[in-house]
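J.: What follows is a predicted structure for the sequence shown.
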Amino acid sequence: MADTQKKEQTTTHKIGIYLWIWALLFVLSFFSYMVDWYNFQGLLRWSLILFFMFLKAGLIMAFFMHLFWERYALVNVLLWPMTAIACFVGLMVAEGKYTVFSRLFYFFVGGA
Amino acid sequence: MSDLNLDKLPGGFKGMSEDIGSDQTTFKGVNWGKAMMWIFLLSDTFVFSCFLIAYMKVRASVTEPWPYPSEVFGLEVFGVPVPLLLIAIMTFVLITSSGTMALAVKYGYEKNRKMCGLFVLLTAIGGLTFVGMQAFEWSKLIFHDGVRPWENPFGAEQFGAFFFMITGFHGTHVSIGVIFLFIFARKVYRGDFDTGRRGYFTTMKSDYVAIEILGLYWHFVDLVWVFIFAFFYLW
């Protein structure tokens, strides 16, 4: 037991930081709900949704999941594969635009 | 390994290259179970990403209008329609349970048996509440509104398939998490992590690091909900 205790290097953090992050998550969730409540539309709507989403996700990962205190070897192994997902999203946005274009074209204009 | 002192190792990217090139454990100071949970969560991230990207792609390419979530998921309170009311409550319940889990992990670090067990139990109850509300949401959509994976009265037919697939897969994660939270609340209360009692299935000695690993899983479930909430309900 003594060996594992040392190996894990369990650093404990003050309770304040968890409560702060917790409160922040509540406030951010409330704000993102307000985006729907006030019925913002268009660019404002989705930029606000994305902003609050990434802020919440970042706070959860950094402090609740302790990534902020982890060594870079673990952090980078986890975060770099996410760029592959971002590329995938970009590809599928382009693909979706092409699909809807060809659907509209052939549904309403018709093929040869 | 017992003389490992993380404070003496270089940090940042220099530390990373030295960790990887050390011909030893790459994730220094990280329990193997924790590293494996992270790897699992990374693979789970890819699964959820594939669902959400497929949803994005289909929603972007249907020619019919997509059902307006604000109305589909709205509830009437005393005759007044409130948009996304149940979803907002579910979000707050899940964040609350995430917060109690963070505190459980903190008390686990401090080997505070009673507080740790209490907060794991509170987290489990929060998760159970979430699953209950999701069951209510599903039954309302299925029996009251007649939403099916192949059709729905609101708009594009694909809506039902993606809704049941994505929220169902997330709900499954929550349900599994709740089961484990109840099991581990019992283990903490019984003092398994203080006595190092061997696990029934794993036959390995119990340690409070298990609570941190369970916490990682639970926070991940909350993390996925953040994305589902943004992309499925708010968008």
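T.: That came in fine, so what should we check first?

J.: For residue A:10, report the pLDDT, please.
T.: At residue A:10 the predicted local confidence, pLDDT, stands at 54.

J.: Same question for the one 10 residues further on.
T.: For residue A:20, the model assigns a pLDDT of 92.

J.: what's around it, how many residues?
T.: 13 (other Cβ atoms under 10 Å in any protein chain shown). To be clear about C-beta, it is placed using only N, CA and C from the backbone, and glycine gets the same treatment.

J.: Where does it fall, secondary structure wise?
T.: Element membership of residue A:20, judged by DSSP states H and E, is helix A:15-37.

J.: and that helix, is it in reach of chain B?
T.: Yes: using Cβ under 8 Å from any Cβ of the partner chain, helix A:15-37 reaches chain B at A:15, A:18-19, A:21-22, A:25-26, A:29, A:32-33, A:35-37.

J.: Filter those down to the buried ones and hand me the ChimeraX line.
T.: Per 16 or more other Cβ atoms under 10 Å in any protein chain shown, the buried members of the residues of helix A:15-37 next to chain B correspond to this ChimeraX selection:
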select /A:18,21,22,25,29,32,33,35,36
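
J.: Which one of the residues of helix A:15-37 next to chain B is nearest to residue B:160?
T.: Sorting these by how near they are to residue B:160, with Cβ to Cβ, puts residue A:36 at the top with 21.1 Å.

J.: That closest one is in contact with residue B:234, isn't it?
T.: Yes: applying Cβ atoms under 8 Å as the test, residue A:36 and residue B:234 come out as touching, 5.5 Å apart.

J.: any residues in contact with both of these two?
T.: Taking Cβ atoms under 8 Å, 6 or more residues apart in numbering or on different chains as the contact criterion, the common neighbours of residue A:36 and residue B:234 are residue B:84.

J.: so what's residue A:107 up against?
T.: residue B:63.

J.: Now do it against residue B:55, distance only.
T.: When distances are taken as Cβ to Cβ, to the nearest Å, residue A:107 and residue B:55 turn out to be 22 Å apart.

J.: With residue B:110 instead?
T.: As judged by Cβ to Cβ, residue B:110 and residue B:55 stand 42 Å apart.

J.: who's more crowded, the two?
T.: residue B:55 (21 against 14).

J.: which element is the more buried one on?
T.: If you go by DSSP H and E, residue B:55 is part of helix B:32-61.

J.: got the buried residues for that helix?
T.: B:33-35, B:37-38, B:41, B:44-45, B:48-49, B:51-61.

J.: Could you pull out the buried residues of the helix or strand following that helix?
T.: Toward the C-terminal end, the helix or strand that comes next after helix B:32-61 (DSSP H and E) is helix B:69-72. By neighbour count, and taking 16+ other Cβ under 10 Å as the criterion, the buried residues in helix B:69-72 are B:69-70, B:72.

J.: Chain A next: which of these are close?
T.: Okay, of the buried residues of helix B:69-72 touching chain A (Cβ under 8 Å from any Cβ), that's residue B:70.

J.: Residue B:205: which of the buried residues of helix B:69-72 is nearest?
T.: residue B:69 (47.6 Å).

J.: now the closest one, nearest residue through space, not along the chain?
T.: Nearest in space to residue B:69, with sequence neighbours left out and distances taken as Cβ to Cβ, 6 or more residues apart in numbering or on different chains, is residue B:233 at 5.2 Å.

J.: And residue B:47, by the same measure?
T.: Once its chain neighbours are removed from consideration, residue B:47 has its nearest residue in residue B:169; the separation is 7.7 Å (Cβ to Cβ, 6+ apart).

J.: Need the pLDDT of that neighbour.
T.: The per-residue pLDDT of residue B:169 was computed as 96.

J.: Much appreciated, bye for now.
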